[in-house]
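Colleague: here's my sequence, what's the structure:
(2 chains)
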Amino acid sequence: MSANPDHAPAVSPAAPAPGPDPVLAIRDLSVVYRTPGGDVRAVDNVSLDLAAGEVIGLAGESGSGKSTLVYGATRLLRAPALITSGSVRYSGRRMAGGAGPVDVLAMRPDALRRLRWREISIVFQSAMNALNPVLSVRDQLLDVIHAHLRMPRDEARERAASLLDLVGIPRSRLRSYPHELSGGMRQRVMIAMALATEPEVVIMDEPTTALDVVVQRDILSQIVELKERLGFSILFITHDLSLLLELADRIAVMYAGQLLEIGTAEEIQHGPAHPYTKGLLNSFPSLRGPRRELAGIPGSPPDLRNPPPGCPFLPRCGYGTTACREVDMQLLPVATSPDPGHVTACPFVLPQTPVPPTPAAPQSQPETAGELGT
Amino acid sequence: MTEQTQLLTSAAADRGPLAMEAISVSKDFHIGRRQILHAVRDVSFNLYRGAVVALVGESGSGKSTAARLLAGQERLTSGEIRLDGNPVKVTSRGDFRRYKSHVQLVFQDPFSSLNPVHTVRYHLERPVKLHQGRAADVDAEVVALMEQVRLTPARQFLAKYPHELSGGQRQRVSFARALAAHPSVLLADEPVSMLDVSIRLEMLNLLDDLRQRFRLAMLYITHDIASARYFADEVLVMYAGEIVERGPAEEVTQRPAHPYTQLLVASAPDPDNLGSALRRGGYRSSAADTARPPGSQALRKPELATTVGCPFSPRCPLADDRCHREDPALVQISPTRGAACWRLDVAAPELVSGLPDDRSTTAN
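Modeller: Presented below is the predicted three-dimensional model:
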């Protein structure tokens, strides 16, 4: 990590910190991608806390930097990505017995190796690619167990089998190879691998995006059940806000590398403060209840190589005024919200502000393709 | 079965004249020695000008195969497809090209359906030259196409390569390419499922606008039944290659009759009913059962699994002996609705109360 004065945070945004001590505390994290055309500011000064036993949903469209944020916080990025500022403090129960909170960004490789998977594990988006095609399910699980835990062979084998029980796959599948499993089963194996070392934090990067709704629903309910039973925290990344409304305790909405709003699922649903969140909520067709008039969000995200001054959502925002060009994007408490942790980056719009007419789609604005990943 | 289906009037029929008919269409794939996968089985439906018919189902249910059959890209195992009343026979490249000028297909993945080494101009010029002949003013036509899909200013995008475009813009190019042939039928295979939620609505609105403007007969394939509710006139629910339920979009999604449709509807995220089942852990379909998609079972024992009994019976909570033995035909519930289920009296009692009791005699 090298500090770049250009990107040093001018003002520290309001720290969203409900609950006593977060397991994972991300502070003022900034990540750039070094490209010949200039730095792409993929994550810009983001602070986020994950409390013990909590499910945080990180919502945002492709290229909003949600994966970069999480991979940055776990040191999984490599060049041309560069962390330019910030800190990530991890204080799991096992860690607390020793030296207390540790700074993930300052960790040496051996300490990082102990942190990864043992403390923080990840369920990757594409189970098809994340599993090794030439290893059986048992060998993949044993691989994880032996790499991170000291355990006799027999015990490790029994553990691999009980992990499959945990995620509802018959033990007979231990000998199967990934290609012999359905998409839902593969994703369950990924979850079993992530839980193999009883981590404190499980990061789920779009774990159900490639699956059918029925299977998706099954896996989500299983994740919730396992969380209740084993007591880990979840950072759940997705572009589908409707999923998070049901699943997450708190939701953080990300856009163009910045957090625009954080609040409980109830607050985000019933009293969204930021215009972008309002737009997202009005983007998906509902299956139940009366048919609503859907507006969507016209336009496209800004080019992060050359972000516009002020609020990055301004070109697509129906509420926008010239004052938005000078907003410093601090997360401020929503005055009318009953939830003290409900914060928004828009100082002008409140949950009850009426929706303005949809602006014309600014199609002329050049877009960049999703080079920041999902 | 065929007579049964033809009694049903499509909910899309009053939108416009009949454009395309699929009549008892089936497609088998031979997978390995003596193994046959019945990807599409005895499927019948109609497409009408200016109307949207949604084909809903999970992956492996045969929806994409159905689209490929209609697009002339796969040979039918049995059945017939008619375009404007005439049976479709695609036996030569010329036939195929003529057919393509009426029926166009849009693919799911805008990242792989465009050629990365060619510009937007190339992608659009080719179909214009191909389908509209030498007389056409190619340049003006290409610009007009781009304006129709609201990829403006057109001149700015013409020289761009696919990697320079966002997912939504790429899909707009795919739409423009399909429109270049001036088709009457547009088959859209999951046209928005690879796109972000925030862009999906815009793209569906664009498709709806194109449908109206060009009176396209549209087949909208999706696994997202909620979008079908908003976008389609008629919904066909497909499971393991068969249509298990069909009817007006609003009715099928609000009062599903078939147990599978009910499962689909119950599985969709329900933000209006916050934290209901999922967070309290109330929802629980048997994980062991749903972990196995219907296709995989069919793959292992195709002869048994696909010819005996209702395809949904292994997962169905209502299944009885008969469901495991005989495949139910589509039973008419109302003039525009049907469901293929033996246990409709239990699954949807309020929908079938007025029906005669002897409908069990129509097994195929």
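Colleague: can you tell if the helix or strand hosting A:R186 touches chain B?
Modeller: Per DSSP states H and E, A:R186 falls inside helix A:183-195. Yes. Judged by Cβ under 8 Å from any Cβ of the partner chain, helix A:183-195 comes into contact with chain B through A:G183, A:G184, A:M185, A:R188. Placement of C-beta: from N, CA and C, glycine included.
Colleague: export the residues you listed to a markdown table and tack on pLDDT and distance to A:P207?
Modeller: Shown next, in a markdown table, are these (pLDDT from 0 to 100; distance: Cβ to Cβ, whole Å):
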| residue | pLDDT | distance to A:P207 |
| --- | --- | --- |
| A:G183 | 78 | 11 |
| A:G184 | 80 | 11 |
| A:M185 | 85 | 13 |
| A:R188 | 87 | 10 |
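Colleague: just the closest of these to B:R322, please.
Modeller: The shortest approach to B:R322 among these belongs to A:G184, at 28.9 Å (Cβ to Cβ).
Colleague: how near is the closest one to B:G32?
Modeller: Using Cβ to Cβ, to the nearest Å, we find A:G184 at a distance of 24 Å from B:G32.
Colleague: and what of B:V331?
Modeller: 35 Å.
Colleague: who has more neighbours out of the two?
Modeller: B:V331 (21 against 9; other Cβ atoms under 10 Å in any protein chain shown).
Colleague: where does B:L37 fall, phi/psi-wise?
Modeller: phi -110, psi 120 (degrees, to the nearest 10).
Colleague: burial check on it, number of neighbours?
Modeller: Using other Cβ under 10 Å, B:L37 has 20 neighbouring residues.
Colleague: repeat that for B:A54.
Modeller: Per other Cβ under 10 Å, the neighbour tally for B:A54 reads 29.
Colleague: ok, now A:T336?
Modeller: The burial count for A:T336: 11, using other Cβ under 10 Å.
Colleague: quick one, what contacts the residue nearest to B:E190 when sequence neighbours are not counted?
Modeller: What sits nearest to B:E190 in space, not counting adjacent residues and going by Cβ to Cβ, 6 or more residues apart in numbering or on different chains, is B:Q108, at 3.9 Å. Residues near B:Q108 by Cβ atoms under 8 Å, 6 or more residues apart in numbering or on different chains: B:D189, B:E190, B:P191, B:S193, B:M194.
Colleague: B:Q108 in helix, strand or coil?
Modeller: Going by DSSP: H, G, I helix; E, B strand; the rest coil, the secondary structure assigned to B:Q108 is coil.
Colleague: on the pLDDT front, check it for me.
Modeller: Listed pLDDT for B:Q108 reads 81.
Colleague: can you check B:P116 too?
Modeller: 91.
Colleague: also B:S267?
Modeller: Predicted confidence (pLDDT) at B:S267: the value is 85.
Colleague: ok, it to A:R188 distance?
Modeller: Counting by Cβ to Cβ, the separation of B:S267 from A:R188 is 16 Å.
Colleague: which of those two has more neighbours?
Modeller: More crowded of B:S267 and A:R188, by other Cβ under 10 Å: A:R188, with 30 against 22.
Colleague: can you tell me how far the more buried one is from A:L164?
Modeller: 8 Å.
Colleague: repeat for B:R155
Modeller: Separation of B:R155 from A:L164 (Cβ to Cβ): 58 Å.
Colleague: which residues touch A:T353?
Modeller: Counted by Cβ under 8 Å, 6+ apart, A:T353 has contacts A:Y319.
Colleague: quick check: phi and psi on it?
Modeller: Torsion angles at A:T353 (phi, psi; degrees, to the nearest 10) stand at phi -60, psi 130.
Colleague: for B:R155 and A:L164, indicate the residue with more neighbours.
Modeller: Counted by other Cβ under 10 Å, B:R155 and A:L164 do not tie: A:L164 has more neighbours, with 21 against 10.
Colleague: can you give me the strands for chain A?
Modeller: Ranges of strands within chain A are A:22-35, A:38-51, A:55-59, A:81-90, A:102-103, A:120-123, A:201-205, A:233-238, A:250-255, A:258-264, A:332-333, A:343-344, based on DSSP state E.
Colleague: which other helices and strands does the fourth one contact?
Modeller: The elements that strand A:81-90 packs onto, with contact taken as 3 or more Cβ pairs under 8 Å, 6 or more residues apart in numbering or on different chains; DSSP states H and E, are strand A:22-35, strand A:38-51, helix A:66-73, strand A:102-103.
Colleague: quick check: which of the ones you listed is buried the most?
Modeller: Stretch with highest mean neighbour count among the helices and strands packed on strand A:81-90: helix A:66-73 (a mean of 26; mean count of other Cβ atoms under 10 Å in any protein chain shown).
Colleague: do it and chain B meet?
Modeller: No. Against chain B, helix A:66-73 shows no contacts by Cβ under 8 Å from any Cβ, the least distance being 11.5 Å.
Colleague: any idea of the angle that helix forms with strand A:233-238?
Modeller: Helix A:66-73 and strand A:233-238 are oriented at 140 degrees to each other (axes from the mean of the first three to the mean of the last three Cα atoms, to 10 degrees).
Colleague: what is helix A:66-73 packed up against?
Modeller: Counting by 3+ Cβ pairs under 8 Å, 6+ apart, helix A:66-73 packs on strand A:22-35, strand A:38-51, strand A:55-59, strand A:81-90, strand A:201-205, strand A:233-238.
Colleague: could you point out where the stretch 101-250 of chain B is predicted with low confidence?
Modeller: For the stretch 101-250 of chain B, residues meeting the criterion pLDDT under 70 lie at B:135.
Colleague: that one against chain A: which residues are in contact?
Modeller: Counting by Cβ under 8 Å from any Cβ, the residues of the stretch 101-250 of chain B near chain A are B:150-153, B:156, B:163-169, B:196-202, B:205, B:223-227, B:229-231, B:250.
Colleague: any idea how chain B splits into domains?
Modeller: B:7-102+B:183-268, B:118-181 (automatic domain parsing).
Colleague: give the residue farthest from the middle of chain A.
Modeller: A:D154 (36.1 Å; Cα atoms, centre = their mean).
Colleague: what's the neighbour count on A:G299?
Modeller: 21.
Colleague: again, but for B:F312
Modeller: 23.
Colleague: how close does it get to B:Q332?
Modeller: As judged by Cβ to Cβ, B:F312 and B:Q332 stand 19 Å apart.
Colleague: show me the residue at the heart of chain A, geometrically.
Modeller: A:I237 (3.4 Å).
Colleague: ok, it touching A:V202?
Modeller: No. The pair A:I237 / A:V202 is not scored as a contact, 11.5 Å apart, by Cβ atoms under 8 Å.
Colleague: run a quick neighbour tally on the residue nearest to B:Y122 when sequence neighbours are not counted.
Modeller: Once flanking residues are discounted, B:Y122 sits nearest to B:N115: 7.8 Å by Cβ to Cβ, 6+ apart. Look at B:N115: counted by other Cβ under 10 Å, it has 11 neighbours.
Colleague: same thing with B:A228?
Modeller: Neighbours of B:A228 under the rule other Cβ under 10 Å: 27.
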